[in-house]
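[1] turn this into a structure:
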Amino acid sequence: MPNNRITTLKYLSFRTATSWLSVMIPWLFFCMLACTPPEEQETSEPLVQDQPPQADPDEEYVMVTTIVNFPMYVNHDQVAFQRWGESRGVRTSILGPSEWDIQAQISTIEQVIGTRPAGLLINGTDPAIASAINQAVEAGIPTVVYDSDVPMSKRHSFLGTNWYEMGTLMGEEIVELTGGTGKIAYLGILGLKNMEDGYRGLMDVLEDYPQIELIGKYDDQANTEIAARLASDLLSAHPDLAAFCAFTPMSGFGCAQTVKEAGKVGEVLVTTVNYEPELLTLLEEGVIQQLVCQKRELFTWYGAQFLFDMVHDTNMLSTNDDRAGITNIPYSVNTGTFALTRENMDAFARDPQAFLDLPYDLLATQSHE
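    Okay, here's the model as predicted:
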């Protein structure tokens, strides 16, 4: 017969020992940590700054573009960039040739590199500027491209519109307005990546409508006079032309003016891009049927902010991003697209000065939407 008393004592002794161990082991572990010299203890610094980074008032961010006085660039890209600089308390400069001169833009970038700005914001006007972008990156200058990407470059980030999406929006409108039949003509800058993407989007939509015939793809060099001349020649050669698909604002304005002067408003349709005051007026008059628009202010506001975040390590992804070979900003950002017709255009100012005269706080709010 088992000895119950002995069994109970053994059980109690085991339970007591287990209880003591459960207390002592954490205590010993704590003592070991407490005795570890400070230099041997691991520390973890927060990767996101607790306080907003403070900018140096002499910190300079430079935008380089072509056609530096082009109204669309001035009223959208440059206004937003300058407002961003004011909000951050840093210097901003806008440089570039007065004409569409890619070589002059390249020379401007190379000259700016020598001044060692805090960051470079570059309009991706042509694949040929890739080498200049690479020089800036190799010089250690944060470099962001906007509007049209230069994917073969070493740029740190790109912000712009999905032009394929813009092309599909234009194609869908053409199908609806023409009933899926008729002749159309494409005008824009041939060979420019964003517009070639737009052309591809347009044609992918029209592929399902064999009764729509593309009579040609024409390079107007984003010049209103060339666009107007091409449009006039096309109307003469094709009196039954149904629509112009114009992929620059200048192309759209030239086509619309030609249609208006030919007395074919409503008979020959015009779709084009962006919402400059002159285009809004023609949209309101019914000369233009659709504007497919970019959110250009977002290119330069957030592009500049990306540069600032690189300079100030606002959001580090590791304890040493440079050594890890990574950047702390998005690689590519699609800022979005929207379409305007006569039905939804009322909220957009026809007068460029009316936009510039809006209260600063309202403009800042709009830039973040």
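[2] use CA for all of it now, contacts and neighbours both
    Fine.
[3] contacting residues for Val144?
    Leu120, Leu121, Ile122, Arg155, His156, Ser157, Phe158, Leu159, Gly303, Ala304, Phe306, Leu307 (C-alpha atoms under 8 Å, 6 or more residues apart in numbering).
[4] any idea how far it is from Val62?
    Remark: distance between Val144 and Val62 (C-alpha to C-alpha, to the nearest Å) = 11 Å.
[5] picking up where we left off before, closest to Val79 among the contacts of Val144?
    Proximity of the contacts of Val144 to Val79 was ranked by C-alpha to C-alpha; the top entry is Ala304 with 12.4 Å.
[6] give me the number of residues near the closest one?
    Using other C-alpha atoms under 10 Å, Ala304 has 26 neighbouring residues.
[7] quick one, phi/psi of it?
    When read as degrees, to the nearest 10, the backbone of Ala304 gives phi -70, psi -40.
[8] what pLDDT does it get?
    We have a pLDDT of 98 for Ala304.
[9] and if you look at Arg323?
    85.
[10] check contacts around it.
    Contacts of Arg323 (C-alpha under 8 Å, 6+ apart): none.
[11] thinking again about what came up before, joint contacts of Val144 and Val62?
    Here Val144 and Val62 have Leu120, Leu121 as joint contacts, going by C-alpha under 8 Å, 6+ apart.
[12] now the helices for the stretch 151-300 of the chain?
    Under the criterion DSSP state H, counting those that start in this stretch, the stretch 151-300 of the chain contains helices at 163-178, 193-206, 224-237, 249-261, 277-285, 296-312.
[13] give me the contacts around the second one.
    Spelled out, that is helix 193-206. Contacts for helix 193-206 (C-alpha under 8 Å, 6+ apart): 126, 148-149, 162-172, 175, 188-190, 212, 247.
[14] in PDB, list the C-alpha atoms belonging to stretch 209-223.
    The C-alpha coordinates for stretch 209-223 follow below in PDB (Å, rounded to 0.1, in the frame of the first residue of the first chain):
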ATOM      1  CA  TYR A 209     -14.900  50.300 -82.800                       C
ATOM      2  CA  PRO A 210     -13.800  49.500 -86.400                       C
ATOM      3  CA  GLN A 211     -16.100  52.200 -87.800                       C
ATOM      4  CA  ILE A 212     -13.900  54.900 -86.300                       C
ATOM      5  CA  GLU A 213     -11.000  55.600 -88.600                       C
ATOM      6  CA  LEU A 214      -7.800  57.300 -87.500                       C
ATOM      7  CA  ILE A 215      -6.700  59.300 -90.600                       C
ATOM      8  CA  GLY A 216      -3.300  60.200 -89.200                       C
ATOM      9  CA  LYS A 217      -1.000  61.000 -86.300                       C
ATOM     10  CA  TYR A 218       0.500  64.500 -86.600                       C
ATOM     11  CA  ASP A 219       3.300  66.300 -84.800                       C
ATOM     12  CA  ASP A 220       2.400  69.900 -84.100                       C
ATOM     13  CA  GLN A 221       5.400  70.400 -81.700                       C
ATOM     14  CA  ALA A 222       3.000  71.800 -79.100                       C
ATOM     15  CA  ASN A 223       2.800  74.900 -81.200                       C
END
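[15] in it, what's buried?
    For stretch 209-223, the buried set under the neighbour-count rule, 16 or more other C-alpha atoms under 10 Å, comprises Ile212, Glu213, Leu214, Tyr218, Asp219, Asp220, Gln221, Ala222, Asn223.
[16] how about these in CSV, adding pLDDT?
    Output for the buried residues of stretch 209-223, formatted as CSV (pLDDT from 0 to 100):
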residue, pLDDT
Ile212, 97
Glu213, 97
Leu214, 96
Tyr218, 97
Asp219, 95
Asp220, 93
Gln221, 88
Ala222, 87
Asn223, 90
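[17] in strands only, show me those.
    With strands defined by DSSP state E, the entries of the buried residues of stretch 209-223 inside them are Ile212, Glu213, Leu214, Tyr218, Asp219.
[18] and those residues, which is closest to Thr335?
    Distance to Thr335 across these (C-alpha to C-alpha) is lowest for Asp219, with 26.3 Å.
[19] who does the closest one bridge with?
    Counting by DSSP bridges, Asp219 forms beta bridges with Gly188.
[20] my read: it touches Gly188, true?
    Yes: contact criterion C-alpha atoms under 8 Å: Asp219 and Gly188 qualify, at 5.3 Å.
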